[in-house]
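Peer 1: Let's see this in three dimensions:
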Amino acid sequence: MELIFYIGFANLLGFVLMGVDKKKARNNEWRIPERTLWGVALLGGAIGAFLGMRVFRHKTKHTSFRIGLPLIIVVHIVLFSYFYMS
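Peer 2: Okay, here's the model as predicted:
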């Protein structure tokens, strides 16, 4: 049960960070490092980051984000299925 809350929080964080970074980009302010965005995605927030990328139209021209986030999602699904559905 804790895992579900963790994944939910990580995805919410990934979504919010994409929105905040987009707003900062528009206002020409200090940005959230890509390393942070990737870190949140790798630690369970890839779905939220991907949805944030789509909703806020942020990082959509970056091939690494367009391909990398869906790949991380697939890896997370496979790992989740292997460890928790068997």
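Peer 1: So for stretch 17-32, mean pLDDT?
Peer 2: The average pLDDT within stretch 17-32 is 98.
Peer 1: go on, stretch 48-66?
Peer 2: 97.
Peer 1: Now do the buried residues in that stretch.
Peer 2: Within stretch 48-66, the residues scored as buried using 16 or more other Cβ atoms under 10 Å are 48-50, 52-53, 56, 58-59, 65. C-beta: built from backbone N, CA, C; applies to glycine.
Peer 1: Pick out the residue nearest the middle of this protein.
Peer 2: Residue closest to the mean C-alpha point of the chain, counted by Cα atoms, centre = their mean, is Ala49 at 2.5 Å.
Peer 1: how about the helices of the protein, start to end?
Peer 2: Secondary structure of the chain (DSSP state H): helices located at 2-26, 34-40, 46-55, 63-84.
Peer 1: what's the most buried one of those helices?
Peer 2: Neighbour counts (mean count of other Cβ atoms under 10 Å) averaged over each of the helices of the chain peak at helix 46-55, with a mean of 21.
Peer 1: Does anything pack onto it? Which helices or strands?
Peer 2: Under the contact criterion of 3 or more Cβ pairs under 8 Å, 6 or more residues apart in numbering; DSSP states H and E, helix 46-55 touches helix 2-26, helix 34-40, helix 63-84.
Peer 1: Need the contact partners of the last one.
Peer 2: Yep, that's helix 63-84 we're talking about. Under the contact criterion Cβ atoms under 8 Å, 6 or more residues apart in numbering, helix 63-84 has outside partners 3, 38, 41-42, 44, 46-47, 49-50, 53, 59-60.
Peer 1: Likewise for the longest one?
Peer 2: Surrounding helix 2-26, the residues in contact under the criterion Cβ under 8 Å, 6+ apart are 30-32, 36-37, 40-41, 43-53, 55-59, 84.
Peer 1: how about a cut-off of 6 Å?
Peer 2: Helix 2-26 has contacts (Cβ atoms under 6 Å, 6 or more residues apart in numbering) with 31-32, 37, 40-41, 43-45, 47-49, 51-53, 56, 58.
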